[in-house]
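> here is my input, please return the structure:
(chains A, B, C, D and E)
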Amino acid sequence: MIGLGLFNYWVVIFLMMVGFYTLIARGNLVKKIIGLNIFQTSVFILYITMGKIAGGTAPIFVQGEQEVVYSNPIPHVLILTAIVVGVATSALGLSLVVRINEAFGTIEEDEIEDTAL
Amino acid sequence: MDDRVILRVGAKILIPFILLFALYVQFHGDFGPGGGFQAGVIFAAGFILYALVYGLGTAKRALPPTAVYVCAAAGVLIYAGVGYLTMALGGEFLAYNVLRHDPEHGQELGILLVELGVLVTVFGSMVAIFYAFAGRRKVQT
Amino acid sequence: MSHHLPVLLVVIPLVAAPFAALVNRPRVSWAIALGSAWWAFLAAFALLRQVMADGPIHYALGDWAAPYGIEYVVDPANAWVLLIVGMIAAVVTPYALLSIEREVPDARIPLFYAAFILCMTGLLGIAITGDVFNVFVFLEISSLSAYALIALGRDRRALTASYQYLIMGSVGATFIVIGIGLLYVMTGTLNMADLAQILPELEPNRTIPVAFTFLTVGITLKLALFPLHLWLPNAYTYAPSVVTAFIASTATKVAVYLLLRFFFTIFGASFSFGEMQLDKVLMPLALVAILTMSIVAIYQDNVKRLLAYSSVAQIGYMVLGISLASALGLTAGILHLFNHALMKGALFMAMGCVMYRVGSVRIERMNGLARAMPWTMAAFVAGGLSIIGVPLTVGFISKWYLIQAALEQGLWPVAVVVLVGSLLAVVYVWKVVEVAYFRDLDADADIQEAPLSMLIATWALVLANFWFGIDASATTGVARRAAEVLLGVGS
Amino acid sequence: MSSGLLIALSVLLPVAGAFVVLALGKWPNAREAVTLITGGGTLWLVSGLLPYLREGARPRLDILEVVPGVQLAFEVEPLGLLFAFVASFLWIVTTIYAIGYMRGHEEENQTRFYFFFAIAIAGAIGVAFSANLFTLFAFYEVLTLCTFPLVTHHQTDEARRAGRVYLGVLLTTSIAFQLLAIIWTWQLAGTVEFTQGGILAGTASAGVLGAILVLFVFGVGKAAVMPFHRWLPAAMVAPTPVSALLHAVAVVKAGVFTILKVSVYVFGLDLLGALAATAWLAWAAAATIILGSLIAFTKDNLKARLAYSTISQLSYIVLGALLANRWGVIGGGMHIAMHAFGKITLFFAAGAILVAAHEKDISRMHGLGRTMPITFGAFFIGALSIIGLPPAGGSWSKWFLGMGTLEAGQVGLLAVLMVSSLLGLYYLLEVPVKAFFFKPPEDAHRPEGIHEAPTASLIAMIVTATATIGLFAYPDLAYELMSMVVPGGAP
Amino acid sequence: MIELVDVALLLLLSVTALAIVRQQNLFAAVMMAGIYSVLSAGLFVVMDAVDVAFTEAAVGAGISTVLMLGTLALVGHSEHKPKHRPILPLLVVALTGGVLVYGTLDMPPFGDPANPIHHHVAPHYLEESEHEIGVPNVVTSVLASYRGYDTMGETTVIFAAAVGVLLLLARGPGPRRVLVNGLWTTVAREEESPELEADEAPATEDDEPKEDDDG
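Model prediction:
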């Protein structure tokens, strides 16, 4: 797996940037949230990738075996927290979208700007 | 609603299993993957399935919104409560060692309790959020 | 008890929030919020006194020694920020009682206070922790509740403002997470002190500068440094008055603190300013922020928006102090955290009083308002004088230090920009003053002075503006110590 | 009474009086009685300090340390005492005058007028007694701000425009230049205390010190050195007592006083004389003297003419300071007192004409001297003093100033003084000459017989006119105090 | 073998991500976002992060999708075509990505056990947690005990989100207030009405002001 070198990271960075792009370039408020989700999920992948040890196994102790290499548990813990934060943000963002739709009658950014004037 | 009989029966069979699975995830978290958060999500998912199939009204009668809000708040209180308890027992905040006579059991008990707190909050919050969304009606634009 | 003070400071409000959400009586929720706010204020004050006397306090959460567990570390720098948050909360909450009843429907008030307490808790948590990932968690607590609070503004544009803030805030937070991840991958630790120790020992590499960049951009998004400030004017304009007053005086301050912590404690001044040449980026941005945002403020018709742009300019002052990277500059920046909280708090609270009686803070609705609401407008004038930097107000003290710091390095053009910023402040403050004092009150307007509880809270901050502007030895003493701690000099 | 208490009370008494005035707003007689009593008390307190100075002491009162090394403190030295004497004495006279004027003119908001008037006096005495640049700057700005409501007393559009110019110029110059100069001084010298012989010598190159001097001279906008003189004519929209006391005495004298004080106690005459910038600035002052006179020449509105005359005369004092020798400083210091008495008499007369005859323009005052002999008589005496002719006090200060130019070897500057006096001879004496000897315009409705201003105003005018003559006969006190400022050989 | 799975999953993820960007039917986009989550969960399993995979599947593919669908049901599901070419966002994204790639150049290679990440704090957990805590799943130990405080924060985040969503969307009982002259004023205290069924709830019984103060 070491053979992959940095390639793995680069693909993940590409994924991140696809999400980031959707987030900042699109005018649809729901699409932005989807973009945010992809962006964040990809960051999670980056973290988990960093914690992987080639030939390692999930960090759950197995009785009796001694020579087991475990992958690093810390990124897992951090990402568990981050996932929760991510869904919390999405939920709040989506409820804002619902309210914006009720107030402005649209969820397209440019139309909102038009009606707000 | 009659044409959804299969759905309802299916759900009736499925939901107990989902809840059971959630409990398994909760208590198996020490040994395998899983824990309070995942269990809470699954619990909530089971209940949301119920609500989708039987209607929001039925769901709210089964589990009133107030109860859901109390759940969402109670989990945080349970978690922090463990912290206060350890403090009262002379340890640092969330130092589970002091919960029992020997540290290892204290840790186990502490983890169990805080995972319970997580479960309760996650379940409560997820259902509360679901209720909030489902209680909204589409605006004609 | 006093041993547990650092953690209790945060977790007492944290458990208060669920209670505030559950009781279905607005005034009980308010009382809970009031209790939490005053607790935070007093506890932060006690902590500050303790660290000033005995040096830093460490508290290992779960009794796991750092870096294995999360630890709370209190030193003069963050005790100072904790005090700012606690103090503003303690003043704003009494004020909130009536203001919120006017601006938020009753049914939402309990949840409002729950979100308010959570926002405060999050800010306290960010400031006090010694663990970089814990920063992120509490950052999200404060951000999520802040988004909800801002969306409660009664204008429908509060919703879009909140959404915009949510998007930019989440981008900022995600950048911070990326930065933390890159730091972690190079060092294997999340503890701040540990990071500070390991980072200088690393071989020169390309990852750490990138981590640094992401953290800087992420945090500057949160603190609304020009040109990443776009979320701020709308958010401040449309949020309920209380929320604006609280967030404007605390949230950006905590973000500035975070920036300081990363620049100076974790990366170290020699890396941040030597290798990364941070000053070359921050200083021009700060100067441009001071000038352009002050000018933009002049052209605003909504006074809350005017003050919001002024805030972006004032953030420029803080960042300018940081970018000088000297003890004096840092002292100026840290001092301005506190001073700006006092003045902007007072100004936004005065506008909240106007909102309470007039229902708008648009400038054309303030004709002759000084006659109907003399105390409110006097508070606005006093806060405005402080923004301008008239002597015997806190604004002057900040400027005194900032200019001194600039001159110390021979940067007299910087000093001139700071002063020009003050002059622009004269223009935008006086714009409001002229309308309130020189126009005639609309004949059919039936406007009374704001309620006493709101006035008292507002004037408490106004008087603090003068008190700490006349006797600044305490505030400057703490700011200097904080600067020394961050720079790693002195004790 | 200890000297510290005397100092504290002489600043606090007017403030206390102001608040009593505010409380007594509904009873005009009591309100004005309190103002008079306060004025008398203040004069008594100030005079109580004279013996200390005669013993060679410098009574000092430290209030508190604002920031480390910077004190809010008072220290009485002869120049300050002279200024305080002039301000507190003329306050009493002006109050007497104002009682007649404000009632005769049926002005509104008289309570506010007396309130801010008293605060302004406190500000002036604070300036006079300040022990360092910081304290001076603080009271300087207090003076600026509390005179703003007086300038804009009528709250009309015209007043608002004038207020903008007033505040704009004074705040701009003080914040942008003076504050910069003060902080720069602090940066270089490590202190801002006024010290005999100066504090800046040897701290930086002549270029830097010259720049600071330029910042000081133009930064003290109240000294009205061109091109920062516009505020003074603008302020003439205020009621006449305001113009009389503040814009002939307290405010403008605070400006030139600051320049004298900076010259003597911050730069020191030796350093000042060595700087190339001094000579250039002296010529800027000279230009202001000539231009001010020339513009005064063209003004038909009496108050405007007096305002430009003031601008011109202020630069005499600035010039005196910049001559950087003993005679120049003595002449400049004495001119503070001499010009004050002379100019206030002129303003009193102008106000009296307005109240009694409702005339503003000189061209419409032909023949008015016959109806108002006392007023125009007083005007004549005041004019003599301003021009510098015996038997009025102004001749002494002009004499010393002339000696100063000779000692400095600046014959050109002496010529400027002469030319300006000649111009003054015309533009000031034109008024009484036309009033006494010309025929009234045909459309003017002049009542038969003597029709003077209200008695209170007349009394005030007579007092100041008499004092102007008295100062010719007994200039001893002013001279004695100024000699203490620059100790040296006999003249 | 594992490399192959890894590469395949990454490829699929890329395809899905690009499809989401191009997709203008939001329903489809949401479904694909769910797929994206499931795929990443698969990748997490490959990377030994079973707990994370579990959570990602439950949250990303489950809860998030339900919420998004719920939102779409309320707001409609088609996206407008972007009007102008998004030059600036592309620049920002290219710059950000470029900086990140630059940053990875000195990162230890993927999967390298010599990576410093594996040598400071993590070994302590792996070696000590068994007797310090006694729970076989190290992730649980770290999550609930070593970094238990973070998890409490995380619980609070969820709670905060619930508070926020309820503030925005829930309609509770209580006195009815309307905007009069830009201010909330109690008009009449109604009976605390039993909560309305979703289907019967009037659309704008709520208190959204539609007035425009600034416009």
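> the most far-flung residue of chain D relative to its centre in helix, strand or coil?
Centroid-distance maximum for chain D: D:E442 at 38.1 Å, with C-alpha atoms, centre = their mean. Using DSSP: H, G, I helix; E, B strand; the rest coil, the structure places D:E442 in coil.
> and the gap between it and chain E?
Applying C-beta to the nearest C-beta, to the nearest Å, the value for D:E442 to chain E is 59 Å. C-beta: built from backbone N, CA, C; applies to glycine.
> where is the longest helix in chain B?
Across chain B, the longest stretch assigned as helix under DSSP state H is helix B:103-134.
> give the buried residues for that helix.
B:103-104, B:106-108, B:110-134 (16 or more other C-beta atoms under 10 Å in any protein chain shown).
> cool, and stretch C:357-368?
Result for stretch C:357-368 [16+ other C-beta under 10 Å]: buried residues C:R357, C:V358, C:G359, C:S360, C:V361, C:R362, C:I363, C:R365, C:M366, C:N367, C:G368.
> for stretch C:107-119, same thing?
For stretch C:107-119, burial by neighbour count (16+ other C-beta under 10 Å) applies to C:107-119.
> now whatever residue of the stretch 301-450 of chain D ends up closest to chain C, nearest residue through space, not along the chain?
Nearest to chain C in the stretch 301-450 of chain D, going by C-beta to the nearest C-beta, is D:K303, at a distance of 21.8 Å. The spatially closest residue to D:K303, leaving aside those adjacent along the chain, is D:M236, at 4.5 Å (C-beta to C-beta, 6 or more residues apart in numbering or on different chains).
> quickly note the distance from the one you found to chain B.
Using C-beta to the nearest C-beta, D:M236 is found at 63 Å from chain B.
> quickly list the domain ranges of chain E.
E:1-79, E:137-170 (automatic domain parsing).
> most packed of those domains?
When you average the neighbours per residue for each of the domains of chain E (mean count of other C-beta atoms under 10 Å in any protein chain shown), domain E:137-170 leads with a mean of 29.
> distance of D:L200 from D:W186?
Using C-beta to C-beta, to the nearest Å, D:L200 is found at 11 Å from D:W186.
> hang on, the earlier thing: quick one: mean pLDDT for the longest helix of chain B?
In this model, helix B:103-134 has a mean pLDDT of 89.
> any residue of that helix touching chain C?
No. Using C-beta under 8 Å from any C-beta of the partner chain, helix B:103-134 never reaches chain C; the gap is at least 8.7 Å.
> how about the one residue in chain A that gets nearest to chain C, secondary structure?
The nearest approach of chain A to chain C comes at A:A103, 4.0 Å away (C-beta to the nearest C-beta). Using three-state DSSP, the structure places A:A103 in helix.
> ok, for D:T203, nearest residue in space, not its chain neighbours?
Nearest residue to D:T203, sequence neighbours excluded (C-beta to C-beta, 6+ apart): D:L188, at 4.1 Å.
> so what's the residue nearest to E:L13 when sequence neighbours are not counted up against?
Spatial nearest neighbour of E:L13, excluding adjacent residues (C-beta to C-beta, 6+ apart): E:L39 at 5.2 Å. Shown in contact with E:L39 (C-beta atoms under 8 Å, 6 or more residues apart in numbering or on different chains): E:L9, E:L12, E:L13, E:T16.
> cool, thanks, signing off.
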